[in-house]
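[1] sequence and predicted model, in that order:
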Amino acid sequence: MLIIGEKLSIIAKRVREAMMKKDKGPIQEIALRQMKEGSHIIDANIGPAEDHGEELMQWMVTTIQEVVPLPICLDTTNASAIEAGLKVHNNQWGRPLINSTSNDPERFPIMEIAVKYNAQLIGLTVGRGGLPADAEERSAIAVEIMGRAMEYGLPLEDLYLDPLVLQIATSQDHALKVVQTIKMFQELNDPPMKTVVGLSNISNGCPKHLRPILNCYYFALLAYEGLTAAIVDAHEIAPVAKTIDVIMGNTLYAHSYLEM
Amino acid sequence: MSFVVPKESYSGKVYEVSIGTEKVANFGGESMLPFLSFDGAVKNRPLIAYEIQDIPPDDWPDTVKKVYEGVSSNPVDWAKHCQDKLGAKAIALRLLGTHPDRLNTSPEDAAKTVKDVLAAVSVPLIILGSNNAEKDAMVLPAAAEAAKDKNCIIGKAQEANYKTIVAAAMANNHKLIAMSDLDINLSKQLNILITQMGFDKERLVTDPMCSALGYGLDYTYSVMERIRLAALTQNDTTMQQPLLGDVGMYVYKTKETQAPEADLPLWGSLEERAVAWEMLTASAFMIAGAEFLIMRHPRAVEALEKFIDELM
Amino acid sequence: MALSGVEIFKMLPKTNCKKCGHPTCLAFAMKLAQRQISIDACPDVSESAKQILGEASAPPIRPVTFGAGDKAVKMGEETVLFRHDKKFLNPAAFALEIMDTATDSEINSKVEAVATSEIDRVGQKLRIDAILVENASKDAAKFESVVKAIAAKAPEIPLILSTTDPNAAEAAVKAVADKKPILYGANESNAEAMANVAKTHKVALGVYAKGLDALAAFTEKIKGLGVSDMVMDSGARTAKEIIEDNTLIRRAATKKTFKPLGYPVINFIQRDNTMLETLLAALGITKYSSIIVISSVERWKNLALFALRQNIYTDPQVPMQVEQKIYKLGEPTPESPLLITTNFSLTYFIVLGEAENSKVPCRLAVMDTEGLSVLTSWAAGKFTASKIAQFIKDSGVENEISHRELIIPGYVALLSGSIEEKLPGWKVTVGPREANGLPVFLKARA
């Protein structure tokens, strides 16, 4: 499982303040910690970033990669900020990932950028207006995004399909539908399509003490269905991810497997 | 291919609630979706209560205000009119005058109004606050005490104020309405919190928050359907309370109940339109699962009662 | 049983030839799985696959259309019992009953009332959809002439021709066959002759049998006679019969895939008491009726029924959207506060309610965010500083107010500086996060 560390997000107050003040300290500290906790990619979520988005994304990418030898997941709806970030991304640490395109025409230009910079891309399976009702509708949108990827020349191996996890507190019926979707997405191509989720959205709006419980159990269900990647709190998910790897036979069991 | 009747049998049922002392009214108690008698026993008719206020209905539109001309200047006359002339099976007294933006009357004033109305009528009474969470937390305990042992329904307990109201309903032997903001999960949560205080789950009525035809009715409708299904198919004891549709106060805020035909000829007669608006709003919720409705216009109530006759 | 898109894909030629109009076979398979297209669109699929897919992709309730042109009425294709599971697809149609024994002026005024019934509501055009002509005279020639007269007066209105007399049926259907009417009135005693008329003129047949057992057997019989487009009448007339029969029919069709009851339902609910008839029509809207036959079309009644039909047939997955504009609450003066929110209807209704609650007159700027709520639309890049600034400039509100202060929802507090940059001369004030904080907030300022 590819672990994408979610902690560098503008939604978090401490991160937002560091971004505003261009204070590298907190950003680098969080990035380093996420790597130690098992993240393979560091998500840099700068929000819609209408103002100075290019500059902010470049600052984030370089600030993180100064201390952490990992690729970045560039997370914004602002296409030019993504392109700016890709220009300074250190590909020596791995290929960058873009979050995200979707079936909304406003988000198509991002696909072109992904191809130009040889980046991997997350395709969020939503269109304009309205959420997909079930796994079938999500898959139908996925197929449209896949078709567009082929037109733009983006290899399907570089596309991660994201079924969009919704809050269990308000959209309970979607929780299971997303699990079913992970299974269905893989069947859309051979080799199977890659999949990704923004995990913690499941527990968004829930009381604090419930969040890790919901996140971890949901992660286990999704992993069982073959989820390829997840944007998560690496610290929270590490024991679950390691345990699932043991149960599914991906790593060899030893009494100390959790410490590895 | 021969037809096999596709019946459903459910593991859960809705609690039956009984209110009043002299004259008693019951609602709920069914073990199937509304009116589907092939799936389970129809226990009671939906109950319709007439809405009155402690202050004159100055904020009601003319279409419904004029119906109560001459009696609505005082709640006792108004209540008697509903019981004796309109045949009300229950009366819902809204203590709107206690709202800080209205007359800001005191809990003691409210208690007196409740006592006066109780003394004047024999049908069950529903006692509603002004929907100001803070003030209701003071007014409703006083009102509940004034009506002690009269087996009323007190409402509405909301997330922000439920504790004192629940305690008052419990201490004075009343039923209780729990209202949340149009969200099935919040509704369940509030019912859990209230029963965790020791309030009997079978004495509770759920108000998932009403809305008017054309103005969010689809949300209330689906929340009610989902609550009913949870009660029946999941045997969820926190969702098995009867459902309330507090229809009048939402319906008579809409433009459709107020805009004169002269301004909007395509909308037709104002009087009929207003009655239809209330009646259809109520009927939709009844079909979705509401066992208890609070309404205003006698013609809307009368038509709905006829409709229920046909459905039973 | 329904097949998934991938299961269907495995049976397709996998040539990606695009002849079906889709970029890949997989994309076509997805559309098939969602029953949005027919297998016939693929020219190269094998006959055996076609048969399997044709069966599997047939909706549990057969799609039936009547009327021609823009005003044709689509029915059927529903797949669920509850609207929260999936959108109800084809809204119930209202058909006004006109007796062929009525006087010319009565007929004219009723046709006129249907022809002018259209109302625009929340961006949709809504109308009384059809006219049912009842052969009350039992006279074939009379029936034919009234049907012709109505079709001539209102050529676009879809028709339902109701008679149990095959001769009257033949004459009337023949006269208006190009308008694709429904012929209603097939029953056990006239089945062959009526099926023959429907088959000859290629129109849908309305079939009647009392009770669901008899009805299921009867649709099979009609199907055997070569008519596959039907609407069904189980004889339900009271509210109790209608809710029970319609529910059982929908259950049998969608949950048991019981094909003999997999057709649209027609309900006759005419009453002398108009209020009661309105309630019966509401029952039909909520509980699975495809055609609701009514006896009168007062404007107030139409409006209320249209509103209900619109509510029930809204897609619960697509948030109801409110028109983008500046709404006035109370009677605002140029000094009154200006608030902004998104056009998710629930957000709008709640903000509206709380702002009205405060009794402080104000202006509410409702911005098109495709129906997303405040936080969601911000994250999706639809409720951003530049879009908000653009909307405020374009709205013309600057001409209506004397101040330059915008109150934004507390959830997007971080936008305040950026909006001020993009709206020179404006001050942005952060309002409460939840709408229920508005009364206190507004009153404190007033």
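    Structure's in. What do you need?
[2] for chain B, what lies in contact range of chain A?
    Proximity of chain B to chain A, by CB under 8 Å from any CB of the partner chain, involves residues B:183, B:185. Any C-beta I mention is one placed from the backbone N, CA and C, and that applies to glycine too.
[3] list the residues that contact the closest residue to chain A within chain B.
    Across chain B, the shortest distance to chain A (CB to the nearest CB) belongs to residue B:185, at 5.6 Å. Counting by CB atoms under 8 Å, 6 or more residues apart in numbering or on different chains, residue B:185 touches A:169-170, A:172.
[4] what about chain B: which of those touch it?
    A:169-170, A:172.
[5] out of the residues you listed, which is most surrounded?
    residue A:169 (18 neighbours; other CB atoms under 10 Å in any protein chain shown).
[6] so what's that residue up against?
    A:204-206, B:185.
[7] switch to 7 Å and redo it
    A:205-206, B:185 (CB atoms under 7 Å, 6 or more residues apart in numbering or on different chains).
[8] what of residue C:100?
    Going by CB under 7 Å, 6+ apart, residue C:100 touches C:133-137, C:142-143, C:146.
[9] run the last query once more with 8 Å
    Contacts of residue C:100 (CB under 8 Å, 6+ apart): C:133-137, C:139, C:142-143, C:146-147.
[10] which strand or helix spans the residue lying closest to it once chain neighbours are set aside?
    Spatial nearest neighbour of residue C:100, chain neighbours left out: residue C:146 (4.1 Å); criterion: CB to CB, 6 or more residues apart in numbering or on different chains. Assessed by DSSP states H and E, residue C:146 sits inside helix C:140-153.
[11] how about residue 23, nearest residue that isn't a chain neighbour?
    Picking chain A for this. Excluding the flanking residues, the one nearest residue A:23 by CB to CB, 6+ apart is residue A:17, at 7.5 Å.
[12] if you could check chain C rather than the one you did, that'd help
    That would be residue A:147: by CB to CB, 6+ apart, it lies 4.3 Å from residue C:23.
[13] pLDDT score for that neighbour?
    Per-residue pLDDT puts residue A:147 at 90.
[14] next: residue A:129.
    As predicted, residue A:129 sits at a pLDDT of 67.
[15] next one: residue C:60
    90.
[16] doesn't residue C:81 make contact with it?
    No - with contact defined as CB atoms under 8 Å, residue C:60 does not reach residue C:81; the gap is 11.1 Å.
[17] between the two, which one's more packed in?
    The neighbour count for residue C:60 versus residue C:81, taken as other CB under 10 Å, is higher for residue C:60 (22 against 19).
[18] now do the shared contacts for residue C:60 and residue C:81.
    residue C:254.
[19] report all helices and strands that whichever strand or helix holds residue A:244 contacts.
    According to DSSP H and E, residue A:244 maps onto helix A:234-247. Contacts defined by 3 or more CB pairs under 8 Å, 6 or more residues apart in numbering or on different chains; DSSP states H and E place helix A:234-247 against strand A:2-5, helix A:24-36, helix A:211-224.
[20] pull out the buried positions in the longest one.
    It refers to helix A:211-224. Within helix A:211-224, the residues scored as buried using 16 or more other CB atoms under 10 Å in any protein chain shown are A:211-212, A:214-216, A:218-220, A:222-223.
[21] helices or strands up against it?
    Partner elements for helix A:211-224 (3+ CB pairs under 8 Å, 6+ apart): helix A:172-186, strand A:229-232, helix A:234-247.
[22] of all residues in chain A, which one is nearest the centre?
    residue A:231 (4.1 Å; CA atoms, centre = their mean).
[23] for it, give its distance to residue A:71.
    According to CB to CB, to the nearest Å, residue A:231 and residue A:71 sit 13 Å apart.
[24] shaky segments in the stretch 101-250 of chain A?
    Along the stretch 101-250 of chain A, segments meeting pLDDT under 70 span A:129.
[25] what residues does it put near chain C?
    Residues of the stretch 101-250 of chain A lying near chain C (CB under 8 Å from any CB): A:106, A:128-134, A:136-137, A:139-140, A:143-144, A:146-147, A:150-151, A:184, A:187-188.
[26] tell me where the stretch 51-200 of chain C has strands.
    C:64-66, C:73-75, C:93-99, C:119-121, C:124-126, C:130-134, C:159-162, C:182-186 (DSSP state E, counting those that start in this stretch).
[27] model confidence over the first one, on average?
    In this case it means strand C:64-66. When pLDDT is averaged over strand C:64-66, the result is 97.
[28] if we can go back for a sec, okay, the contacts of residue A:169 in TSV with secondary structure next?
    Below are the contacts of residue A:169 laid out as TSV (DSSP: H, G, I helix; E, B strand; the rest coil):
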residue	secondary structure
A:205	coil
A:206	coil
B:185	helix
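[29] go through those and name the one nearest chain C.
    residue A:205 (9.9 Å).
[30] what residues are bridge-paired with residue B:17?
    Using DSSP bridges, the bridge partners assigned to residue B:17 are residue B:27.
[31] list the residues that contact residue B:241.
    Contacts of residue B:241 (CB under 8 Å, 6+ apart): B:14-15, B:17, B:28, B:178, B:191, B:201-202, B:204-206.
[32] tell me the buried residues within those residues.
    Applying 16+ other CB under 10 Å to the contacts of residue B:241 flags B:14-15, B:17, B:28, B:178, B:191, B:204-206 as buried.
[33] just the closest of the residues you listed to residue A:179, please.
    residue B:191 (28.1 Å; CB to CB).
[34] pretty sure that closest one is in a helix, no?
    Yes - assigned with three-state DSSP, residue B:191 falls within a helix.
[35] quick one, what contacts it?
    Contacts of residue B:191 by CB under 8 Å, 6+ apart are B:178, B:201, B:204, B:206, B:238-239, B:241.
[36] looking at these, point me to the pair that's furthest apart.
    Between any two of these, the greatest separation by CB to CB is 11.4 Å, found for B:178 and B:239.
[37] shared neighbours of the two, anything?
    Common neighbours of residue B:178 and residue B:239 (CB under 8 Å, 6+ apart) are B:187, B:191, B:206.
[38] my guess is the first one meets residue B:204, correct?
    I take that to be residue B:187. No - counting by CB under 8 Å, residue B:204 is not a contact partner of residue B:187; they are 11.0 Å apart.
[39] mutual contacts of those two, please.
    Contact with both residue B:187 and residue B:204 is made by residues residue B:178, according to CB under 8 Å, 6+ apart.
[40] re the thing from before, relative to helix A:211-224, how tilted is the helix holding residue A:244?
    Orientation note: helix A:234-247 sits at an angle of 40 degrees relative to helix A:211-224 (axes from the mean of the first three to the mean of the last three CA atoms, to 10 degrees).
[41] check which residues of helix A:234-247 are buried.
    Across helix A:234-247, burial judged by 16+ other CB under 10 Å covers A:234-238, A:240-245.
[42] now the residue of the stretch 151-260 of chain A found nearest chain B: closest residue in space that isn't a chain neighbour?
    Ranked by CB to the nearest CB, the top residue of the stretch 151-260 of chain A for proximity to chain B is residue A:169, at 5.6 Å. Leaving aside its chain neighbours, residue A:169 sits nearest to residue A:205 (4.5 Å; criterion: CB to CB, 6+ apart).
[43] for residue 12, what are its contacts?
    As the question left the chain open, I've gone with chain A. Taking CB under 8 Å, 6+ apart, one finds nothing in contact with residue A:12.
[44] oops, wrong one, chain C.
    C:25, C:28-29, C:42, C:45, C:49.
[45] please enumerate the helices of the chain.
    Just so you know, I chose chain A. Along chain A, the stretches classed as helices by DSSP state H are A:13-21, A:24-36, A:53-67, A:79-88, A:109-116, A:135-152, A:172-186, A:211-224, A:234-247.
[46] actually, chain B is the one I wanted.
    B:62-65, B:75-80, B:107-120, B:133-146, B:162-171, B:184-196, B:217-233, B:247-251, B:270-288, B:298-311.
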